[in-house]
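**Student:** Next come a sequence and a model predicted from it.
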Amino acid sequence: MPITGIASYPPTMEEFNLHWVAVNAFDAAQPLVLPGSYAWSNFNADQNAVLSAITAVTQAATNARLASAQLEISKRELRERVPRFRKTVQLNYAGTSYLRDVPQTPAAGAIETKFMEPLDDMEQLWERINAAAGDSGPGIVLPGNYTAADFGVNILGMRSTFQLAQSEDTELGFKRHDRDALLGPIYDRMLQYRTAVELHLPAGNPLLMSVPRLSPIPGTTPPGLVVTGEWNSTINKAYLSWPQSTFANIDKIQVRGCTGSTYKAADEEVVADLPPTATSYETDWGLTAPGALAVYKFYVMATTGNENGGKAVRIVRPTT
């Protein structure tokens with residue numbers, strides 16, 4: 001399988017690994033060795049390191065998605081408190097300066113400082129109103145017996161959730177860097193192998209006909225799918241569909257995704273492999289929390305190793 005992106009490294013490395021094993025079995029007395037005394041055992045170790053690094057990125061990306069989902073849930077819950085607080089002040093403290101001091105609801109996509117500032121202002125105002133009430137009443141209590149103390153606890157939790165999401169995102173960046181640092185060297189070794197094996201084996205050896213490729217065969221790129229999609233609240237998943245491809249040599253349709261608003265090939269993850277005849281797909285990958293956003297590409301993968309991801313499809317899960 002040619003190298004066309006991160007997802008193609010595992011199967012391509014395995015093809016080279018198995019071919020190298022077969023070449024060494026053919027000439028056990030003189031195993032194939034690349035420049036720098038780089039033997040099959042070195043390649044096998046490097047392959048395992050790349051696989052581990054790819055797995056580490058996948059796990060880190062999962063942790064980052066979970067933290068991001070929890071952040072969105074916490075933000076939504078606190079944002080909903082602001083208009084309820086405002087209405088309670090309007091009802092019980094009409095004509096006072098308190099209403100003027102009630103902050104606006106922070107924007108859902110605001111950065112931490114901008115998001116927390118109005119909530120901090122609301123906490124201080126709430127405490128000021130309660131202190132002024134003194135023994136004359138309980139001050140402000142929102143529906144569900146939600147008190148200023150509860151709000152204070154949620155404020156602390158909100159800050160911790162912001163910090164966790166940032167920490168997981170930073171860790172994901174480190175894991176991606178570690179992974180990417182390994183891809184170039186092992187690609188170069190596979191490139192060296194293609195030349196070295198031709199020099200190592202005698203002309204006409206059947207193994208020369210099955211040397212793995214690193215680039216697709218020219219002229220066989222399949223047309224991309226025209227995919228449309230939307231969030232389906234009935235099934236609580238994104239529903240995506242497309243006309244069936246008429247390309248003759250499809251191996252499979254591979255769904256890949258990125259969280260966030262922009263599709264970046266370096267950050268894509270394999271979500272699912274679908275049969276060539278598939279025309280629809282349902283998923284909540286990256287969309288487990290209300291307000292979450294994910295971008296998908298549906299790659300038509302040819303039997304020759306070529307692929308075409310077409311245009312990315314952006315799905316937003318509603319907040320309600």
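**Tutor:** Okay, I see it. Numbering: from 1, shown residues only.
**Student:** Just checking: what are the partner strands of the helix or strand containing Val271?
**Tutor:** Assigning secondary structure by DSSP states H and E places Val271 in strand 269-274. In the sheet, strand 269-274 lines up against strand 250-259 (antiparallel) (DSSP bridges).
**Student:** buried sites along the partner strand?
**Tutor:** 250-259 (16 or more other Cβ atoms under 10 Å). For the C-beta atoms, the positions are set from N, CA and C on the backbone; glycine is no exception.
**Student:** of all those residues, which comes closest to Gly157?
**Tutor:** For the buried residues of strand 250-259, the minimum distance to Gly157 (Cβ to Cβ) is 22.4 Å, reached by Thr259.
**Student:** which one is that closest one nearest to, not counting chain neighbours?
**Tutor:** Leaving aside its chain neighbours, Thr259 sits nearest to Gly286 (4.5 Å; criterion: Cβ to Cβ, 6 or more residues apart in numbering).
**Student:** Quick one: residues contacting that neighbour.
**Tutor:** Gly286 makes contact with 65, 257-259, 292-294, according to Cβ atoms under 8 Å, 6 or more residues apart in numbering.
**Student:** again, 7 Å this time
**Tutor:** For Gly286, the contacting residues are 65, 257, 259, 292, 294, by Cβ atoms under 7 Å, 6 or more residues apart in numbering.
**Student:** Report the two of the residues you listed separated the most.
**Tutor:** Gly257 and Ala292 (11.6 Å).
**Student:** for Met158, helix, strand, or coil?
**Tutor:** Classification of Met158 using DSSP: H, G, I helix; E, B strand; the rest coil returns helix.
**Student:** need the strands for the chain, in chain order.
**Tutor:** In the chain, the segments counted as strands under DSSP state E are 228-232, 237-241, 250-259, 269-274, 280-283, 293-302, 307-308, 313-316.
**Student:** for stretch 112-129, the distance to its chain's centre please.
**Tutor:** When C-alpha coordinates are averaged (Cα atoms, centre = their mean, to the nearest Å), stretch 112-129 and its chain have centres 32 Å apart.
**Student:** and the lowest-mean-pLDDT helix or strand in the chain, what other elements does it pack with?
**Tutor:** Comparing helices and strands within the chain by mean pLDDT, DSSP states H and E singles out strand 307-308 as the least confident, with a mean of 89. Contacts defined by 3 or more Cβ pairs under 7 Å, 6 or more residues apart in numbering; DSSP states H and E place strand 307-308 against strand 293-302.
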